[in-house]
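Q: Kindly generate the corresponding structure for this input.
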Amino acid sequence: MKKEQFQTLLQFFKVLADESRLKIVGILANQECSVEELAALMQLKEPTVSHHLAKLKEVNLVTMRPDGNSRLYQLDNKALENMSKEIFTPEKIASIIEHIDTEAWESKVLHNYLEISPNSLEVVPRLKEIPTNRKKRLVILKWLASKFEPGVKYSEQMVNEILGRYHPDYLTLQRELISYKLIRQEDRIYLSNRQTGER
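A: Numbering: from 1, shown residues only. Predicted structure coming up:
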């Protein structure tokens, strides 16, 4: 999402994070109203209504047209539709996090569950325990799956030896990797389901 679109979205939600403004939007979606009418309907003072309308105009939610000595306000349906098409799409909303490190949580899980034994000659991180939390367990399993090369055929003994380097309960890890479809078993041969080039 572009910075301008992000700021528009942020401003939109800030403006609507007010009960009175939401009610005004609801009224103006059904009919045109003057400040005087809105004040009576909302039981607010006219200057307060004018302030709310100014905020709604900042995000192009309302339009105004003169009517004699009065000014009539209405919800700008077209602007709302355009905003919905340009910003309120699943793809655009998802792109809000494009500048956020989405792997930060996974790194934290790995840091919490892995340790390097000070007595070991090999610098191989050991798994302290198999997480009971499903999401955390999946992080660990994905990390273990990265130890298997795509396209390489592994025997059950090889799989157990690799997993045994990281935790003594390699049989549980093996079952979990298959259960989560991170590796697959074909006639006693094990294959990684990772795509070539993935880490």
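
Q: And for residue 148, the neighbour number?
A: Residues within reach of residue 148, counting by other Cβ atoms under 10 Å, total 21. C-beta here means a position set from N, CA and C on the backbone, and glycine is covered the same way.

Q: Quick check: phi and psi at it.
A: Dihedral pair for residue 148: phi -110, psi 130, per degrees, to the nearest 10.

Q: Show the contacting residues for it.
A: By Cβ atoms under 8 Å, 6 or more residues apart in numbering, the contact set of residue 148 is 154, 159, 162, 183, 190, 192, 194.

Q: JSON lines for those, including neighbour count, secondary structure and distance to residue 60?
A: Below are these laid out as JSON lines (neighbours: other Cβ atoms under 10 Å; DSSP: H, G, I helix; E, B strand; the rest coil; distance: Cβ to Cβ, whole Å):
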{"residue": "154", "neighbour count": "18", "secondary structure": "strand", "distance to residue 60": "59"}
{"residue": "159", "neighbour count": "22", "secondary structure": "helix", "distance to residue 60": "59"}
{"residue": "162", "neighbour count": "17", "secondary structure": "helix", "distance to residue 60": "59"}
{"residue": "183", "neighbour count": "20", "secondary structure": "strand", "distance to residue 60": "53"}
{"residue": "190", "neighbour count": "21", "secondary structure": "strand", "distance to residue 60": "58"}
{"residue": "192", "neighbour count": "21", "secondary structure": "strand", "distance to residue 60": "52"}
{"residue": "194", "neighbour count": "17", "secondary structure": "coil", "distance to residue 60": "47"}
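
Q: From the residues you listed, pick the one nearest residue 57.
A: residue 194 (52.6 Å; Cβ to Cβ).
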